[in-house]
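Asks: sequence first, then the predicted structure:
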Amino acid sequence: NKLKSEGDRKSFKLIMHYLFELELFEEAFKEMRSYISKNKDPELFSQMAKILISKKKYKKATYLLEEGHLKNPENKEILKLLAATYDLRGKKVVAADLYTKLAYMDSSYAHLAAEYLKQNGKVQLAAVLNSMVVDPEKQLSQKLALYLEKDKFSLARSLEIPLRQYGVYKDDEVKYAMAYA
């Protein structure tokens with residue numbers, strides 16, 4: 001405890017391990033928040049949340065990540081982990097909204113955000129995010145799924161040539177979807 005109070009990282013890790021072994025999660029959560037507030041390192045939010053997630057303490061991880069996101073709104077790692085934690089908690093709509101926010105920060109997450117939105121019935125917004133997808137193969141296959149979801153079969157059939165050009169048509173599921181259209 002004396003080393004921990006001096007800011008020794010190794011002693012903090014040992015105490016955290018000890019508290020988790022004893023399943024004293026409330027005390028461990030207090031120690032985490034105290035340690036993070038002393039060190040002011042945004043990476044600590046995601047590191048500590050990963051520990052909580054590994055112990056299936058999703059609610060505590062969510063609290064920690066929400067605090068981290070409020071203090072560091074531009075940190076993509078915290079936002080991605082927060083969205084994944086909400087997904088693990090079964091809050092798919094919140095996860096979809098957070099992935100959407102992440103997609104606007106970094107377009108590499110657009111495909112994932114569009115999938116979550118499609119699963120939650122927000123097909124129009126998913127189509128908007130689909131236009132941000134950089135990989136043409138992913139974009140075309142997702143666009144095909146969105147057209148089929150909205151029963152726009154003529155638009156789905158119009159994707160046949162681009163699907164063949166990018167080699168997406170080789171996939172059996174895509175062939176089946178095109179035959180369905």
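Replies: Done, it's in. Computed from a predicted model, the values in this text were never measured in an experiment.

Asks: helices of this protein, start to end?
Replies: Listed in chain order, the helices of the chain (DSSP state H) span 2-5, 9-21, 25-39, 42-54, 58-71, 76-88, 92-105, 110-119, 123-130, 136-149, 153-157, 160-165, 172-180.

Asks: most neighbours per residue, which of the ones you listed?
Replies: Across these, the average number of neighbours (mean count of other C-beta atoms under 10 Å) peaks for helix 110-119, which reaches a mean of 23. Quick note: C-beta positions are derived from backbone N, CA and C, even for glycine.

Asks: for residue 153, give me its contacts.
Replies: 147, 181 (C-beta atoms under 8 Å, 6 or more residues apart in numbering).

Asks: one more time with 6 Å
Replies: With contacts defined as C-beta atoms under 6 Å, 6 or more residues apart in numbering, residue 153 is in contact with residue 181.

Asks: separation between it and residue 159?
Replies: According to C-beta to C-beta, to the nearest Å, residue 153 and residue 159 sit 11 Å apart.

Asks: same deal with residue 11?
Replies: Looking at residue 11 against residue 159, where the rule is C-beta to C-beta, the gap reads 59 Å.

Asks: now do residue 77
Replies: If you measure residue 77 against residue 159 using C-beta to C-beta, the figure is 34 Å.

Asks: in this protein, what helix or strand scores lowest on average pLDDT?
Replies: Ranking every helix and strand in the chain by mean pLDDT, DSSP states H and E puts helix 2-5 at the bottom, with a mean of 60.

Asks: phi first, then psi, for residue 152.
Replies: Its backbone dihedrals place residue 152 at phi -100, psi 80, with angles given as degrees, to the nearest 10.

Asks: that'll do, ta.
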